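>>> quick one: sequence and predicted model below, then my questions.
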Amino acid sequence: MTTWYVTTPIYYVNDRPHIGHCYTTTLADVAARFHRLFGREVLFLTGTDEHADKVIAKAVEHNVSPQEWTDRCSAEFQKAFAMLDIREDIFYRTSSPHHKSLASAYIAKLQAQGDIYLGDYVGWYDVSQDEYLTETVAKESNYLSPVTKKPLEKRTEKNYFFRLSKYQGFLQNHIDSSTSFILPEVRRNEILGRMRQGLQDIPVSRAVKPGEQRGDEPDAWGVFMPGDPGHRVYVWIEALCNYLTAVDTPDRKRFWPPSLHLMAKDIVWFHAVIWPAMLHALGEATPLTVYAHSYFIRDGEKMSKSLGNFIDIDVIGAYVARYGSDAFRYYLATNGPLGNNDADFTHARFVEVFNADLANGIGNATSRVGNMIQKYFDSKVPDPQNTRELAGYDWPTIISTSVSRAIAAADTMDLSGALSEGMALVRKVDGYINATEPFKLAKRIESEPALRDQLGAILYHCAEALRVATLILSPAIPRACEKLWVTWSCASSAPGSATLTERAAWMGEHSLRPGQALSKGDVLFMRADPAEPAPGKAES
Ligand code: MSP
């Protein structure tokens, strides 16, 4: 079976989870569910980045040990992701002994082969981002952090450096030879532009300051330079290693290299340049795709603590309580900043999408068809034998086209495109019902019994097309789909060993069987009133 390994960034535990973290992780989950549905063996990794200086500062501020602090914060992320029905295979933490010892081993290897060396560094350090900025970038931002606007610190230190400059040629070739290595294209072009300025060696450590823990102290927090406990490994370098340490076990190594590293555009340089160079130096294969989406913003502004305009986990919780986790996932997957542009989160748009696609779309169509089958066929799937072709409704072709298009779209990370194939099937069924008017046929059956077969065939087509629509939509709205599959007695459609193409085959092994129970069931999505106030404090 083909393996498919997807990762999200590991999140800093100094923040509570917010829509940004939930967005990337939900996208990864939707993608992972698509790939499982396509019959691939998926490994989905997410987790927390726990050794940053600012994490230690937070622990001190709260008067607890870094371990206690990160246990608490990491649990918040796990809870948030569980609330959104995210099913990661591994929730990984960089404070785990497995990660620490393997990350040290990789660094020791790079050191031993001369890819990491000791030198002098003078530079501008952004403490809030744990990142050194080049002179140009520092100057451009007035020597303030471009993100938090806090003053940059000028630091001169003995540092260990990674010989990034040595890998310029390798990276250039790699990027030139694979158009799907960095996606979307706009990010690829940005990286290529920055590479043209030439790659410099980068610092990978910082000297422990007086009063700070050294690597040879018991329970020292972080990863230290092998053989030099007076130097802490720069957290980005160690954090990137998580993608490899997590699968560096005898049973998981077969998932390497990652099919997809997913993140926002803020950190694409680390993933598309520094990390692949490190991997190449280590003799490991490089990730197939680094995909960087854009930002969720609020009313045109970047979300930030100082503006207090985050859609935080409490607001997300209020949305989930009111509209369900499926609705929130669906909104993220279809209306988020997947492409080149940032996307605004607005309550009005949320309700619009909820009503159009979920309540009036899949919810209404399934309940309408379920209702008619219950009423006219005693809650049993009718027999489609007497099928009359209707121009424009060649169902076997319509369905197989939708399925192949959904697969092609999900394979290039166009998740909203893939989901829109499911929604298009729903609209097609609506159109078919309007064109064939089964409710009118039903009224005529008493006087013309021969019409019963025709009615049965129409309703069968509707139900079967909707079954396939739910298969395609299920990565985004798994709860509603599973609920429907129970009332429509097609639990065999639930994720298992058969692939989407097999399950969707018209009159195939997994199709609805004439005579099997199919009832109306509960309404999947109750229409929302656009005038009702936004849940939580998300008014806009
Ligand atoms: N710890 C590093 C990543 C190390 S990976 C080896 C880090 N953590 S973070 O907590 O700041 O998370 C950044 C990521 O969160 C972004 O790349 C993105 O995936 C997500 N988002 C944070 N804010 C976001 C938005 N406003 N919109 C969309 N996603 C954003 O960086």
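Right, received. Where do you want to start?
>>> and for this structure, the residue most distant from the center?
The C-alpha centroid of the chain is most remote from Ser447, which lies 55.1 Å away (C-alpha atoms, centre = their mean).
>>> pull the contacting residues for it.
Under the criterion of C-beta atoms under 8 Å, 6 or more residues apart in numbering, Ser447 has no neighbours. The way it works is simple: take the backbone N, C-alpha and C, and place the C-beta from them, glycine included.
>>> which SS class is it?
coil (DSSP: H, G, I helix; E, B strand; the rest coil).
>>> could you check the pLDDT of it?
Ser447 is assigned 94 on the pLDDT scale.
>>> for it, phi and psi?
Dihedral angles of Ser447 (phi, psi; degrees, to the nearest 10) stand at phi -80, psi -30.
>>> residues near the nearest residue to Val315 once chain neighbours are set aside, how many?
Spatially, and ignoring its direct neighbours in sequence, Val315 is nearest to Gly536 (3.6 Å; C-beta to C-beta, 6 or more residues apart in numbering). Residues near Gly536, counting by other C-beta atoms under 10 Å, number 18.
>>> is it true that Gly536 touches Asp314?
Yes. Contact criterion C-beta atoms under 8 Å: Gly536 and Asp314 qualify, at 5.8 Å.
>>> so what's whichever residue of the stretch 251-400 of the chain sits closest to the ligand up against?
Closest residue of the stretch 251-400 of the chain to the ligand, C-beta to the nearest ligand atom: Ala264 (3.4 Å). Residues counted as contacts of Ala264 (C-beta under 8 Å, 6+ apart) are Pro9, Gly20, Thr24, Ala292, His293, Ser294, Tyr295.
>>> out of everything not next to it in sequence, what's closest to the first one?
Translated: Pro9. Met263 (4.7 Å).
>>> Val137 contacts Val147, correct?
No. Using C-beta under 8 Å, Val137 makes no contact with Val147, being 11.5 Å away.
>>> show me where pLDDT drops low in the protein?
Residues of the chain meeting the criterion pLDDT under 70: 386-388, 491-496, 537-540.
>>> quick one on the thing from earlier: ok, now how distant is the residue farthest from the centre of the chain from the ligand?
60 Å (C-beta to the nearest ligand atom, to the nearest Å).
>>> distance of that residue from Leu441?
When distance is defined by C-beta to C-beta, to the nearest Å, Ser447 is 11 Å away from Leu441.
>>> ok, Gly422 next?
For Gly422 relative to Leu441 (C-beta to C-beta), the value is 27 Å.
>>> what residues of the host helix or strand of Val315 count as buried?
Element membership of Val315 [criterion: DSSP states H and E] is helix 313-323. Using 16 or more other C-beta atoms under 10 Å as the test for burial, helix 313-323 gives Ile313, Val315, Ile316, Gly317, Tyr319, Val320, Tyr323.
>>> can you check stretch 58-65 too?
Lys58, Ala59.
>>> from here on, call the first residue 334.
That works, and once the first residue is 334, the last one we named lands at stretch 391-398.
>>> name the residues that touch it?
Val346, Asn347, Pro399, Glu401, Trp402, Thr403, Arg405.
>>> how does it look with 10 Å?
Under the criterion C-beta atoms under 10 Å, 6 or more residues apart in numbering, residues 345-348, 385, 389, 399-406, 552, 554 lie in contact with stretch 391-398.
>>> of those, grab the buried ones for ChimeraX.
Applying 16+ other C-beta under 10 Å to those, the buried members can be selected in ChimeraX as follows:
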select :345,346,347,348,385,389,399,402,403,406,554
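>>> and the contacts of stretch 391-398 near the ligand, which?
Tyr345 (C-beta under 6 Å from any ligand atom).
>>> tell me how far the helix or strand harbouring Lys487 lies from the chain's centre.
Assigned by DSSP H and E, Lys487 falls within strand 486-495. Centre-to-centre, strand 486-495 and its host chain are 35 Å apart (C-alpha atoms, centre = their mean, to the nearest Å).
>>> what helices or strands is it leaning on?
Judged by 3 or more C-beta pairs under 10 Å, 6 or more residues apart in numbering; DSSP states H and E, the packing partners of strand 486-495 are helix 430-445, strand 449-459, strand 464-466, strand 535-536, strand 538-540, strand 561-566, helix 608-615.
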